[in-house]
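> quick one, fold the following:
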Amino acid sequence: MSNRIGITVGGRGTGRGGRFGLGISERAAALRARGHLLVRTRRVGPIVAAAVLLSATLLAFAPTPPAHAATSYQGRVTATALNIRSAPTSAAADVGTLRYGATISIQCKVFGPSVGGNSLWYKLSTGKWVTARYVANIGSAPRFCGDGQEYEGRALSFLNVRSGPHTANATVSSAPQGTFLALVCKVDSQSIDGNPRWYQLTGDGGGQWVAARYVSNVGSAPPYC
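Here you go, the predicted structure:
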């Protein structure tokens with residue numbers, strides 16, 4: 001049984017909701033409950049064992065949820081001049097400027113460092129980023145980046161969890177060596193020991209990012225944001 005836990009910041013887990021939102025104590029309780037259920041199941045004999053095996057077989061062949069369709073969202077710039085960044089953080093390189101009233105095409109959003117009280121960042125159709133603080137949505141708000149799946153990584157050493165994908169961003173938590181991390185997606189940002197990738201953790205209240213240089217993937221690596 002995996003001993004994966006969510007990193008808790010201010011008493012909350014790192015997930016957006018459901019099991020990803022459990023804090024350390026809640027996650028431990030849930031794992032204990034599952035253990036008790038398995039013990040009870042073993043006592044009742046071959047009929048229940050066969051039912052459990054059938055359920056596991058059905059789950060194994062259940063259809064995989066479809067990935068998000070490629071959808072373009074629209075927004076309008078509300079600032080006199082809006083900097084375009086190479087990654088979702090003001091610490092990333094400035095690669096252009098958008099003027100007031102410009103209409104932009106948006107792919108998706110992530111949590112990152114707060115700008116004027118807004119911690120959302122929008123990925124443009126060009127693959128670059130702008131803070132959502134100075135963008136008014138035209139129609140529906142963009143979806144969150146990622147393919148809707150959770151990926152798992154393991155901290156290779158003591159790991160700082162930051163508000164954005166750059167060491168200039170504030171440290172919001174930490175993960176001891178060996179901690180299992182729930183990953184959403186990755187971006188290229190500041191290079192750490194030759195590795196420019198940063199992983200976004202599941203989170204419901206702001207940016208939570210770790211340098212991929214110190215994370216070992218458990219299974220598949222997450223997609224780009």
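
> what are the ranges of the helices in this structure?
For the chain, the helices defined by DSSP state H occupy 24-43, 46-60.

> lowest average pLDDT across the ones you listed?
Ranked on mean pLDDT, the bottom entry among those is helix 24-43, at a mean of 30.

> so which helix or strand of the protein has the lowest pLDDT on average?
Within the chain, no helix or strand scores below helix 24-43, which has a mean of 30 by mean pLDDT, DSSP states H and E.

> show me where pLDDT drops low in the chain?
Low-confidence segments of the chain, defined by pLDDT under 70: 1-70, 203-206.

> hmm, try it at 80
For the chain, the stretches with pLDDT under 80 are 1-71, 203-207.

> strands along that one, start to end?
73-77, 81-85, 94-99, 103-115, 118-124, 129-131, 135-138, 151-155, 159-162, 171-175, 180-192, 195-201, 209-211, 215-218 (DSSP state E).

> what's the distance between the nearest residue to G164 once chain neighbours are set aside and V210?
Leaving aside its chain neighbours, G164 sits nearest to T89 (3.6 Å; criterion: CB to CB, 6 or more residues apart in numbering). Backbone N, C-alpha and C define where each C-beta goes, glycine included. Distance of T89 to V210, given as CB to CB, to the nearest Å: 14 Å.

> which neighbours do the two share?
Listed contacts common to T89 and V210 are nil; contacts here mean CB atoms under 8 Å, 6 or more residues apart in numbering.

> contacts only, for the nearest residue to C108 once chain neighbours are set aside.
Nearest residue to C108 in three dimensions, chain neighbours excluded: C145, at 3.9 Å (CB to CB, 6+ apart). The neighbours of C145, taking CB under 8 Å, 6+ apart as the test, are Q107, C108, K109, V110, K123, V184, C185, Q200, C225.

> switch to 10 Å and redo it
Going by CB atoms under 10 Å, 6 or more residues apart in numbering, C145 touches 68, 88, 107-111, 121-123, 184-187, 200, 223-225.

> turn the strands of the chain into a markdown table, including mean neighbour count.
A markdown table is the format used below for the strands of the chain (neighbours: other CB atoms under 10 Å):
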| stretch | mean neighbour count |
| --- | --- |
| strand 73-77 | 18 |
| strand 81-85 | 17 |
| strand 94-99 | 13 |
| strand 103-115 | 20 |
| strand 118-124 | 21 |
| strand 129-131 | 25 |
| strand 135-138 | 16 |
| strand 151-155 | 20 |
| strand 159-162 | 22 |
| strand 171-175 | 17 |
| strand 180-192 | 21 |
| strand 195-201 | 21 |
| strand 209-211 | 26 |
| strand 215-218 | 16 |
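
> thinking S191 is in contact with A93, fair?
No: if you go by CB atoms under 10 Å, S191 and A93 don't touch, sitting 11.9 Å apart.
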